[in-house]
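**Q** next one to model:
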Amino acid sequence: MTFAGIYLALAIVSAIGTTAAIIKARQLYWAAPFYFLGAWLTGELAAIHLGVQVLLAVIVSASGLLDQTLAQCGLGLFAINWLGLGYLHVQAMDTPIYLRRALNTGLGEDYRSQIPPERRALLQDTIASQSWLQPFRFGREGVRVHEHLSYGDAGKRNLLDIYQPVTPREGGFPVLLQVHGGGWMIGEKEQQAKPLMYHMAQRGWICVAINYRLSPKAAFPAHIVDVKKSIAWIRNNIADFGGDPDYIAITGGSAGGHLTALAALTPNLSEWQPGFEDADTRVQAAVPFYGVHDFLDRHDIRPAMSMDEVLGKHVMQCSKDDQRQLWDLASPIAHVNASAPPFFVVHGSHDSLVWVEEARAFVAALDEASAQPVVYAELPGAQHAFEVFHSVRTDHAVNAVADFLEFAHANR
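**A** Numbers count the residues shown, from 1 in each chain. Next up, the predicted model:
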């Protein structure tokens, strides 16, 4: 293939990715992971894609290749693609509109006035371009990382990392526990939520990222048992790192969002605390991102894209018909109650792996039952896993989560 042909092929691939990010396609069956990947990487990195493509066009033009028909077709397709990438970038820049509306609705328009002035001064409404233009640069000054500490007896799967602020905080650092996603079958503590953890650690929160046992080697409820075991470990040990054991918030995305909501709604459930039944596993706030909230799909949200086969074969390791009570017990929506801690639920409108209607149903049930604030932000155009690395949308979402956590902590 000639260079002009390669240039045209790149234009076609780029156009497919941009189209996937703009449209809302979900009943894709075997193609869903491929659609998700293209939409996710294009949507969150739209400005970077745009810059690289314009630079490539300049190089192609300077090289004289535009005399060839294939290169001309490639440039024309790229030019159309740039309009789509510009739209995606502008859409991401509008994210704070929806986040602010969600916070004002759930917490009250004057919620920042309830945050102490010294903490309120650390909140941000803007984002730095040097951050989202370097999406995989995570480290931040003023944060010390303690790696691979053991909280249980499951080897590597019971290790945690601690992101500790260097500067002490009076009263100790409140704790944010991060639970990774990966369909309950893959994932590592080092792979997700680093933008959020470094942001919070820079501002006087101590963050803990955990591994937990994975399927199919381990069946549910091993995953939630490990999450609760890590909460018990934090409560017993975090003071050694300057943390406040009396304030633990929890967050996570996808499967981690499911486990986040489940842990927050089932404190001190003895059957999920084998050998540590007396441990206090309450959390004081929860921030689930694009989580699975109903294993039974009781609202018939995804009949054409059911998770039953994957859950039954690999995660639950039993059928829904045979063990319906266990599947119900594994569903956060089944546990909503008046004693739920403050919740901030975040989901993307274009999520192709966990549909947004599931978040809406969960929030509606939680809002009706809970005596504490429930905040729900539905982000237009956002795909699954949108906040794994820095992007315009990620950094605005991180700012909003910081607002919520500071509010929840101030009203503990």
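**Q** CA atoms for contacts and neighbours, from now on please.
**A** Will do.
**Q** residue contacts, Cys73?
**A** With contact set as CA atoms under 8 Å, 6 or more residues apart in numbering, Cys73 has these partners: Leu8.
**Q** and the next element down the chain from whichever strand or helix holds Tyr98?
**A** For Tyr98, the element it lies in under DSSP states H and E is helix 95-107. The first helix or strand that comes after helix 95-107 along the chain, using DSSP H and E, is helix 117-120.
**Q** off-centre distance for that following helix?
**A** On the basis of CA atoms, centre = their mean, to the nearest Å, the separation between the geometric centre of helix 117-120 and that of its chain is 26 Å.
**Q** kindly report the same for stretch 357-375.
**A** On the basis of CA atoms, centre = their mean, stretch 357-375 is displaced by 18 Å from the centre of the chain it belongs to.
**Q** that stretch: which residues count as buried?
**A** For stretch 357-375, the neighbour count (16 or more other CA atoms under 10 Å) marks 357-363, 365-367, 370, 372-375 as buried.
**Q** CA atoms of it as CSV?
**A** Taking C-alpha atoms only, stretch 357-375 is exported to CSV below (Å, rounded to 0.1, in the frame of the first residue of the first chain):
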residue,chain,number,x,y,z
GLU,A,357,-31.2,3.8,32.4
GLU,A,358,-29.8,1.5,35.1
ALA,A,359,-28.3,4.5,37.0
ARG,A,360,-31.6,6.4,36.6
ALA,A,361,-33.6,3.6,38.2
PHE,A,362,-31.1,3.2,41.0
VAL,A,363,-31.0,6.9,41.8
ALA,A,364,-34.8,7.1,41.7
ALA,A,365,-35.0,4.3,44.3
LEU,A,366,-32.2,5.7,46.4
ASP,A,367,-33.6,9.3,46.3
GLU,A,368,-37.0,8.1,47.5
ALA,A,369,-35.6,6.0,50.4
SER,A,370,-32.5,7.8,51.7
ALA,A,371,-32.5,10.5,54.4
GLN,A,372,-29.1,11.8,53.1
PRO,A,373,-28.3,13.8,49.9
VAL,A,374,-28.4,12.0,46.6
VAL,A,375,-26.6,13.7,43.7
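**Q** strands of the stretch 1-150 of the chain, start to end?
**A** 143-150 (DSSP state E, counting those that start in this stretch).
**Q** farthest-apart pair in the buried residues of stretch 357-375, please.
**A** In these, the most distant members under the criterion CA to CA are Glu357 and Gln372, with 22.2 Å between them.
**Q** which strand is the longest one in this protein?
**A** The strand of greatest length in the chain, counted in residues with DSSP state E as the criterion, is given as strand 243-253.
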